[in-house]
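S.K.: need coordinates for the following:
(chains A and B, ligands or ions: 2)
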Amino acid sequence: MIVENSEVILSVRDLTADVDGTPILKGLNLEIKAGEIHAIMGPNGSGKSTFSKVLAGHPAYEVTGGEVLYKGQNLFDLEPEERARSGVFLAFQYPLEIPGVSNLDFLRVAYNSKRKHEGLEEVDAFDFDELVQQKLDVVKMRAEFLSRSVNEGFSGGEKKRNEILQMALLEPTLAILDETDSGLDIDALKTVAGGVNQLSKPDNATLLITHYQRLLDYIVPDFVHVMEGGRILTTGGKELALELESRGYDWVREEEMAEVGAS
Amino acid sequence: MSIQVSTPVEELEAAELQAVGLSAAAQKRQDYLAKLLNLAKSKPLDVAGAAWVQALRDQAANLVQEQMFPSTRDEEWRFTDLADLLQVSLQAEGSGAGVTLEAIAPYLLPEAATSRLVFVDGHYAPELSAVDDLPETLLIGNLGRLATDARLQPYLAKQAGAEELFTALNTAGMQDAAVLFAPKNLVVETPIHLLFITTAGSVAKLTLPRTLVIAEPQSALTILEEYVTIGEGTYLTTPVSEIWVSDNAQVHHSRIQRDHASAFHIGKTAVSQERDARYTCNAISLGAQLSRHHLEIYQTGEQTETHLNGLTLIRDAQVGDLHSTIALTQPYGVTRQLQKCIVGDRAHAVFNGKVFVPKLAQQTDAGQLNRNLLLSPKARVDTKPQLEIVADNVKCTHGATVSQLDDDEVFYLQSRGIDAATAQTLLVYAFAYEILDQIPVESLKQSLSAIASQVV
Ligand SMILES: Nc1ncnc2c1ncn2[C@@H]1O[C@H](COP(=O)(O)OP(=O)(O)O)[C@@H](O)[C@H]1O
Ligand SMILES: [Mg+2]
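M.R.: Ligands and ions are numbered 1, 2, ... in the order given. Reported below is the predicted structural model:
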């Protein structure tokens, strides 16, 4: 929801970034305020995942220019874990499998890292169990997934639910969901979308990354940005997503060209 | 990081070498061996009136005398260099007295509170041991007290491979031994803790711990054999364990080596399995500057089942070497071996896994896997699976993998608020867990897990 005069959560200015010396992000601008849901859409290879990993702090991506302020603070001053603890959450496009680390232990360690950061007491295994049981409902996940290794042998949909379960526990200020809809059947999509909607509050913000409009039937964005070639080409309301669906990305490209030509 | 899959080098027989005269280096090694043997022979025999044990010692001393001290020119010792040991001047030690229950408290296991034999520097320590509430027919204690039991003589020092240098050295200086004898049909559920302590200090000692385990038909035993140090300093320990698993018997064996970081540990586990016998070994190797474990399985009956789980967890400049041999001789044997190594800093892990499947051992099902996790660019592993398969109707597989911590996995954990160091620890622990989870005693599993969680 768009809230008058709400706090700026994320401010991205002229961001450029490389992978292995190849420029991928080429001057990206974006502003997200508390309460808002933004969607970034764009064809494969346009740099959406790169942008999300740069925000989360993946070491393989090198920021070469521009700035990103998170709640007014330079995001790049923070280590990846510090970003997470201060409320940045990335739901991965391809969540990793970590054999040997139990999902429950993983969730508890992650939850307690955040508690510690906030100066709160760590939660013991017993109390955590109770908490996590409640959160399971958000994504309609069965408890047996807790005793398994993190994502090991999970189906695509189960992995995505597990990401949203983590989000439900960590209650981020800025949730970035990278292609959370891909690989989900319609029931799973509704479940995941329901979870995200339930977690969206006036004091937090959500950035959805997708290349299909489908997810946006269930999570209604306040702003839609179209990304191409490492930049945001155009921004509109939720109707932009529908237009993209019917007219394709070429149309945006042409408009952009025309605009550049005219100016 | 380096991984080597080795090819044989030319081996020189002791006799050949002696014929051509010894080089200065070889002479130094032989002088060292002579000193080792003298030290071993000077060990008092704590077994009163047992001439047969003295006879075993004398025979073994002769075996030692005939051999060359190994160098890296020997194929079997190619990657494990004993040169640093040669610099250690070993001395005859004192009585090994003075260790209190309080001092060994960290090693006591509540699950084995009244099923524990403790040896200090090779001597049985009755005041530290506790044997109570065990089935009456179980023979448990030290050889010094039990040597007159006629049932032991056919087994002690009779296991195959007894002539191997360090095994023979142990026998040549055998002072006493931990003895377990489970008669026919006796199932002992309580785990038995065999705790071998070396007291380290300014004097570098040679200790020769010894274990004899006999599981008669249909019996079952769970053994926790552990090597630890009180004090600080270097020493050489060359323990030998002989385990006899008869028809339908089961032995679940965990062997924990956590010697002091300056110690040298060259140990042997020799196991024979009769028909339908089941043997499991969880060998955890954490300590010593150089450790070598010879783990040898001799199948003497059909349809045996053997599980060898191993974890070598080393760092700094430690060397951790497992040389295993599974010698099948009969049909329908099933063997499963999983050896994992976690190697940090400049440490060096060695794995040599021999599996012999001769013509008679048809329908053998043998699997071997060696997985290595290297935590630093200078860490090294040499792995050599060595399967010699003659039988034609068998299923034998082997594999070796080497990996590093995955940056993406570390990042995934970091992105959930877990700092990089903790993330690495979790991942290392996860790698070790598969083996540690096999330890049947919770308190021991916990303490080893805590160690595994500190390695990064
Ligand atoms: N680790 C990497 N190494 C090299 N190139 C990469 C890497 N990650 C992404 N790229 C390249 O960056 C571009 C953008 O990729 P990505 O951010 O995954 O796009 P999207 O998520 O929009 O599909 C692609 O051309 C891709 O090949
Ligand atoms: Mg992507």
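S.K.: contacts and neighbour counts: CA atoms only from here.
M.R.: Fine.
S.K.: tell me the buried residues in the helix or strand harbouring residue B:432?
M.R.: Using DSSP states H and E, the element containing residue B:432 is helix B:420-436. Residues of helix B:420-436 classed as buried by neighbour count (16 or more other CA atoms under 10 Å in any protein chain shown): B:420, B:422-436.
S.K.: same check on stretch B:139-154?
M.R.: Judged by neighbour count (16+ other CA under 10 Å), stretch B:139-154 contains these buried residues: B:139-147, B:152.
S.K.: so which of these is the closest to chain A?
M.R.: Ranked by distance to chain A (CA to the nearest CA), the buried residues of stretch B:139-154 are led by residue B:140 at 37.6 Å.
S.K.: of the buried residues of stretch B:139-154, closest to residue A:233?
M.R.: residue B:140 (80.8 Å; CA to CA).
S.K.: that closest one looks like it's in a strand, true?
M.R.: Yes. If the criterion is DSSP: H, G, I helix; E, B strand; the rest coil, then residue B:140 is within a strand.
S.K.: pretty sure it contacts residue B:177?
M.R.: No. Residue B:140 is beyond contact range of residue B:177, at 10.7 Å (criterion: CA atoms under 8 Å).
S.K.: walking through the stretch 101-250 of chain A, point out its helices one by one.
M.R.: Along the stretch 101-250 of chain A, counting by DSSP state H, counting those that start in this stretch, helices occupy A:103-117, A:125-139, A:156-170, A:186-199, A:239-247, A:249-262.
S.K.: to residue B:232, which of these lies closest?
M.R.: Across the helices of the stretch 101-250 of chain A, residue B:232 has its closest neighbour in helix A:103-117 (35.6 Å, CA to CA).
S.K.: other SSEs contacting the helix or strand that the helix holding residue B:432 is followed by?
M.R.: Sequence order places helix B:442-452 as the next helix or strand after helix B:420-436, per DSSP H and E. Packed against helix B:442-452 by the contact rule (3 or more CA pairs under 8 Å, 6 or more residues apart in numbering or on different chains; DSSP states H and E) you find helix B:420-436.
S.K.: got the CA positions of the helix it packs on in PDB?
M.R.: Extracted in PDB, the C-alpha atoms of helix B:420-436 (Å, rounded to 0.1, in the frame of the first residue of the first chain):
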ATOM      1  CA  ALA B 420      30.600 -16.300   7.900                       C
ATOM      2  CA  ALA B 421      32.500 -18.100  10.600                       C
ATOM      3  CA  THR B 422      29.400 -19.700  12.000                       C
ATOM      4  CA  ALA B 423      28.200 -20.600   8.500                       C
ATOM      5  CA  GLN B 424      31.500 -22.300   7.800                       C
ATOM      6  CA  THR B 425      31.400 -24.100  11.100                       C
ATOM      7  CA  LEU B 426      27.900 -25.300  10.400                       C
ATOM      8  CA  LEU B 427      28.900 -26.600   7.000                       C
ATOM      9  CA  VAL B 428      32.000 -28.400   8.300                       C
ATOM     10  CA  TYR B 429      29.900 -29.900  11.100                       C
ATOM     11  CA  ALA B 430      27.300 -31.000   8.600                       C
ATOM     12  CA  PHE B 431      30.000 -32.800   6.700                       C
ATOM     13  CA  ALA B 432      31.300 -34.600   9.800                       C
ATOM     14  CA  TYR B 433      27.900 -35.400  11.200                       C
ATOM     15  CA  GLU B 434      27.200 -38.300   8.900                       C
ATOM     16  CA  ILE B 435      30.000 -40.200  10.700                       C
ATOM     17  CA  LEU B 436      29.600 -38.700  14.200                       C
END
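S.K.: what residues does it touch?
M.R.: Applying CA atoms under 8 Å, 6 or more residues apart in numbering or on different chains, the external contacts of helix B:420-436 come out as A:81, A:98-101, B:282, B:309-311, B:340, B:342, B:373, B:405, B:410-411, B:413-414, B:445, B:448-449, B:452-456.
S.K.: which of those residues count as buried?
M.R.: Neighbour counting with 16+ other CA under 10 Å marks A:81, A:98-101, B:282, B:309-311, B:340, B:342, B:373, B:405, B:410-411, B:413-414, B:445, B:448-449, B:452-453, B:455-456 as buried within the contacts of helix B:420-436.
S.K.: what about these, which are in strands?
M.R.: Among these, DSSP state E puts A:98-101, B:282, B:309-311, B:340, B:342, B:373 in strands.
S.K.: list just the nearest of the residues you listed to residue B:51.
M.R.: After measuring these against residue B:51 - CA to CA - the closest member comes out as residue B:282, at 35.0 Å.
S.K.: is it true that that closest one touches residue B:254?
M.R.: Yes. At 4.5 Å, residue B:282 counts as touching residue B:254 under the criterion of CA under 8 Å.
S.K.: now the common contact residues for the two.
M.R.: Common neighbours of residue B:282 and residue B:254 (CA under 8 Å, 6+ apart) are residue B:439.
S.K.: hang on, the earlier thing: just the buried ones among the contacts of helix B:420-436 that are near ligand 1?
M.R.: For ligand 1, no contacts are drawn from those by CA under 6 Å from any ligand atom.
S.K.: and the gap between the closest residue to residue B:186 other than its chain neighbours and residue B:323?
M.R.: Of all residues not flanking residue B:186 in the chain, residue B:219 sits nearest, at 4.6 Å (CA to CA, 6 or more residues apart in numbering or on different chains). Distance of residue B:219 to residue B:323, computed by CA to CA, to the nearest Å: 28 Å.
S.K.: work out the gap between stretch A:160-180 and the centre of the chain.
M.R.: 7 Å (CA atoms, centre = their mean, to the nearest Å).
S.K.: what residues are up against residue 226?
M.R.: No chain in the question, so chain A it is. The contact partners of residue A:226, taken as CA under 8 Å, 6+ apart, are A:40-42, A:232-235, A:252.
S.K.: meant chain B actually
M.R.: B:193-196, B:255-258.
S.K.: which element is whatever residue of chain B ends up closest to ligand 1 on?
M.R.: Distances between chain B and ligand 1 by CA to the nearest ligand atom are smallest at residue B:408, namely 10.4 Å. Using DSSP H and E, residue B:408 sits within helix B:407-414.
S.K.: what is that helix packed up against?
M.R.: Judged by 3+ CA pairs under 8 Å, 6+ apart, the packing partners of helix B:407-414 are helix A:80-85, helix B:420-436.
S.K.: for the shortest one, list the C-alpha coordinates in PDB.
M.R.: Output of helix A:80-85 as PDB, limited to C-alpha atoms (Å, rounded to 0.1, in the frame of the first residue of the first chain):
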ATOM      1  CA  PRO A  80      25.700  -9.900   4.200                       C
ATOM      2  CA  GLU A  81      24.800 -11.200   7.600                       C
ATOM      3  CA  GLU A  82      24.500  -7.700   9.000                       C
ATOM      4  CA  ARG A  83      22.100  -6.800   6.200                       C
ATOM      5  CA  ALA A  84      20.000  -9.800   7.100                       C
ATOM      6  CA  ARG A  85      20.000  -9.000  10.800                       C
END
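S.K.: can you list the strands that the host helix or strand of residue B:243 pairs with?
M.R.: In this structure, residue B:243 sits in strand B:240-245 according to DSSP H and E. Partner strands and pairing direction for strand B:240-245 (DSSP bridges) are strand B:210-215 (parallel), strand B:264-273 (parallel).
S.K.: any chance of these in CSV, with mean neighbour count too?
M.R.: As requested, the strands paired with strand B:240-245 are arranged in CSV below (neighbours: other CA atoms under 10 Å in any protein chain shown):
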stretch, mean neighbour count
strand B:210-215, 25
strand B:264-273, 24
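S.K.: ok, residue 218 - how many residues close by?
M.R.: You didn't pick a chain, so chain A it is. Using other CA atoms under 10 Å in any protein chain shown, residue A:218 has 16 neighbouring residues.
S.K.: wait, I meant chain B there
M.R.: Residue B:218, neighbours per other CA under 10 Å, totals 19.
S.K.: quick one: it and residue B:186 touch, right?
M.R.: Yes. Using CA under 8 Å, residue B:218 is in contact with residue B:186, at 7.1 Å.
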